[in-house]
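J.: Let me see the structure of the following:
(chains A and B)
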Number of protein chains: 2
Amino acid sequence: MSEAGELRVIPVRGLPEIEADASLGTLIAEHTELGAGDLVVISQKVVSKAEGRVRRLSSVIPGSKAKKLATKLGKEVALVELILQESVKVLRAEHGVLITETHHGFVCANAGIDSSNLPDDDTVCLLPIDPDASARVIRSELTAALAGKPGVGLAGHSARSASAESHPRLPKTAVVIADSFGRAWRLGQSEVAIGCAGLMPLDDLRGRRDAHGQELKATVIAVADEAAGAADLARGKDSRIPAVIIRGLSRFVSTENGPGAASICRPRGEDLFR
Amino acid sequence: MSEAGELRVIPVRGLPEIEADASLGTLIAEHTELGAGDLVVISQKVVSKAEGRVRRLSSVIPGSKAKKLATKLGKEVALVELILQESVKVLRAEHGVLITETHHGFVCANAGIDSSNLPDDDTVCLLPIDPDASARVIRSELTAALAGKPGVGLAGHSARSASAESHPRLPKTAVVIADSFGRAWRLGQSEVAIGCAGLMPLDDLRGRRDAHGQELKATVIAVADEAAGAADLARGKDSRIPAVIIRGLSRFVSTENGPGAASICRPRGEDLFR
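T.: Purely as a prediction, here's the structure:
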């Protein structure tokens, strides 16, 4: 594992508006000079758009639970219905806020559904069905592009055959898919990793000791989440910069896709605040 | 406000071991080339050490509440006593974990007390009494050093007279004091800002619209926390790099010290998970 050192966080400029079936990895590779060990952080919104995870509120038929909750919270009933469909459990429904556990295991507001950067009020965007799988596909597209081969769209999962795992001599890159989550006890949202491939999401230092031989306080570092946050600082929220390169984290980049961001979700049994 | 763009995250190398009464701002200014708009992220540990916020467990006299909790949790009783002294409320005491609200308003494990990077098992380090005040003092030392004047130690608060506010023509810099906090629903710790000066801690985008005219999803960006996390990635946990420069965030750096990290704490009345 190489040493920690200077990091560069570089916005990828010039990407086109992302539409359904876009091959994100290929597009990103075309718009930046990727090097070995680079991490590409991509906004959830464009991944969801490329995967067609867009819904029209006017086409949603709300059930009775959504109707009750929507009235209680003062929220749009079709949106509440979609949130419930994306969730396995409602954690809090108070003060206009709906916090759920999504089917992925994420705890966040509105199951991650939102309407920003979409054409109209009636259109909303859901999280990818399996963001770790999305990250693996994008990574394989990046790898294929770096190898001078045409990428394969997100729609076609055969892209996995061109993965970094099967091209051990290609430059290793990693992918994080990032979304903004609120925090229980702190104001503001920070970006976290909802999907990742090729990056060690957690740096487990348990058992390691400091220069004085004492145990380290922060024993497991949330590398993928800190990287998602760093990328957020390099692009304005209302800018059209859905991808950011982070250079300097190669010590966390691996040939294997690794456990993904699913491994960051705290298991329910260890959770003191659900 | 300048545009978002590339960020550089640069570890400050060569700092000496920090001892009580160290003038951190002066030391950091001596070991790096600071420019206008630079943000300096400093580990809580060295700020606490410089301020003498170090305790010997063997000198602590535990009360009955600490004795009960220590037995329940299997934790050292002197440590539990210190945690209670630093806290206004115990939120969870289960499975060996003690989550409290500190007198600052932070919700974290063990009231932020730890023993890493300290000389022996008997010594622990508390959070600074007022981390925003600490950040202001360090900032004024940086400003004084940049003006070619001798810095004033953390012990002497007259340093504030040399603050950036009274030297409007000096290059503006900002300071964040960072510590590792766990998260309710995600594994691993990420660094957050427990103190800051000269940096807008939250970027409030409420009311702003995207390119399509839709409201933005992430309406308040936790800038100071994302910066703290980015800095964490540029230094190893067991390395001796307590300070990191972030270049590229000048749009969030102000002449005024600003509201500090205290403004990031979610008010109790808005908290759904306490």
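J.: Can you verify my assumption that residue A:264 contacts residue A:200?
T.: No - taking contacts as C-beta atoms under 8 Å, residue A:264 lies outside contact range of residue A:200: 11.1 Å. Placement of C-beta: from N, CA and C, glycine included.
J.: Mind checking which of these two has more residues around it?
T.: Between residue A:264 and residue A:200, counted using other C-beta atoms under 10 Å in any protein chain shown, the more crowded position is residue A:264 (25 against 21).
J.: returning to that earlier point: who touches both of residue A:264 and residue A:200?
T.: Here residue A:264 and residue A:200 have residue A:224 as joint contacts, going by C-beta atoms under 8 Å, 6 or more residues apart in numbering or on different chains.
J.: And the residue nearest the centre of chain A?
T.: Taking C-alpha atoms, centre = their mean as the criterion, residue A:177 is the residue nearest the geometric centre of chain A, at 2.6 Å.
J.: is it in a bridge, and if so with what?
T.: residue A:42, residue A:195 (DSSP bridges).
J.: my guess is it meets residue A:191, correct?
T.: No - with contact defined as C-beta under 8 Å, residue A:177 and residue A:191 do not form a contacting pair (10.2 Å).
J.: list residues touching both of these two?
T.: Joint contacts of residue A:177 and residue A:191 (C-beta under 8 Å, 6+ apart) are residue A:41.
J.: Show the residue spans covered by the strands in the stretch 101-250 of chain A.
T.: A:107-109, A:123-125, A:174-182, A:189-197, A:203-204, A:220-221, A:243-247 (DSSP state E, counting those that start in this stretch).
J.: Now tabulate the ones you listed in TSV and tack on mean pLDDT and distance to residue B:26.
T.: Output for the strands of the stretch 101-250 of chain A, formatted as TSV (pLDDT from 0 to 100; distance: least, C-beta to C-beta, whole Å):
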stretch	mean pLDDT	distance to residue B:26
strand A:107-109	96	43
strand A:123-125	95	49
strand A:174-182	97	37
strand A:189-197	97	31
strand A:203-204	92	32
strand A:220-221	94	30
strand A:243-247	97	31
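J.: Measure how far the lengthiest helix in chain A is from the centre of its chain, please.
T.: Taking DSSP state H as the criterion, chain A has its longest helix at helix A:131-146. Centre-to-centre, helix A:131-146 and its host chain are 13 Å apart (C-alpha atoms, centre = their mean, to the nearest Å).
J.: what angle do that helix and strand A:189-197 make?
T.: Here helix A:131-146 points in a direction 70 degrees away from that of strand A:189-197 (axes from the mean of the first three to the mean of the last three C-alpha atoms, to 10 degrees).
J.: what does the average pLDDT come to for helix A:131-146?
T.: Helix A:131-146 carries an average pLDDT of 95.
J.: what helices or strands is that helix leaning on?
T.: Packed against helix A:131-146, as judged by 3 or more C-beta pairs under 8 Å, 6 or more residues apart in numbering or on different chains; DSSP states H and E, are the following elements: helix A:24-30, strand A:39-43, helix A:44-50, strand A:174-182, strand A:189-197.
J.: Swap in 6 Å and give it another go.
T.: Contact partners of helix A:131-146 among helices and strands, from 3 or more C-beta pairs under 6 Å, 6 or more residues apart in numbering or on different chains; DSSP states H and E: helix A:24-30, strand A:174-182, strand A:189-197.
J.: what about the residue lying closest to residue A:112 once chain neighbours are set aside, distance to chain B?
T.: Leaving aside its chain neighbours, residue A:112 sits nearest to residue A:127 (4.1 Å; criterion: C-beta to C-beta, 6 or more residues apart in numbering or on different chains). Distance, residue A:127 to chain B, by C-beta to the nearest C-beta, to the nearest Å: 12 Å.
J.: And residue A:215, by the same measure?
T.: 6 Å.
J.: Next: residue A:85.
T.: Counting by C-beta to the nearest C-beta, the gap from residue A:85 to chain B is 19 Å.
J.: Neighbours of that residue, how many?
T.: 15.
J.: Residue A:72 now?
T.: So residue A:72, with other C-beta under 10 Å, has 13 neighbours.
J.: which other helices and strands contact the helix or strand where it lies?
T.: In the assignment (DSSP states H and E), residue A:72 maps to helix A:64-73. When contacts are defined as 3+ C-beta pairs under 6 Å, 6+ apart, helix A:64-73 packs onto helix A:77-85.
J.: who touches the next helix or strand after the helix it packs on?
T.: As assigned by DSSP H and E, the chain's next helix or strand after helix A:77-85 is strand A:87-94. With C-beta atoms under 6 Å, 6 or more residues apart in numbering or on different chains as the test, strand A:87-94 has contacts from A:69, A:73, A:99, A:100, A:101, A:102, A:103, A:111, B:272.
J.: out of everything not next to it in sequence, what's closest to the second one?
T.: The shortest distance from residue A:73 to any non-neighbouring residue, by C-beta to C-beta, 6+ apart, is to residue A:96 (5.3 Å).
J.: got it, and the fifth one?
T.: The shortest distance from residue A:101 to any non-neighbouring residue, by C-beta to C-beta, 6+ apart, is to residue A:89 (4.4 Å).
J.: Report the contact partners of the residue of chain A positioned farthest from its centre.
T.: Within chain A, residue A:212 marks the point farthest from the mean C-alpha position, 37.2 Å out by C-alpha atoms, centre = their mean. Contact analysis of residue A:212 by C-beta under 6 Å, 6+ apart lists residue B:119.
J.: Flag the shaky bits of chain A, pLDDT-wise.
T.: For chain A, applying pLDDT under 70 flags the ranges A:1-3, A:149-170, A:216-218, A:237-239.
J.: what's the domain layout of it?
T.: As given by automatic domain parsing, the domain ranges for chain A are A:8-52+A:127-267, A:54-125.
J.: Return the most buried member of those.
T.: Greatest average neighbour count among those goes to domain A:8-52+A:127-267 (a mean of 21), per mean count of other C-beta atoms under 10 Å in any protein chain shown.
J.: quick one: residue A:29 and residue A:145 touch, right?
T.: Yes - the pair residue A:29 / residue A:145 is scored as a contact, 3.4 Å apart, by C-beta atoms under 6 Å.
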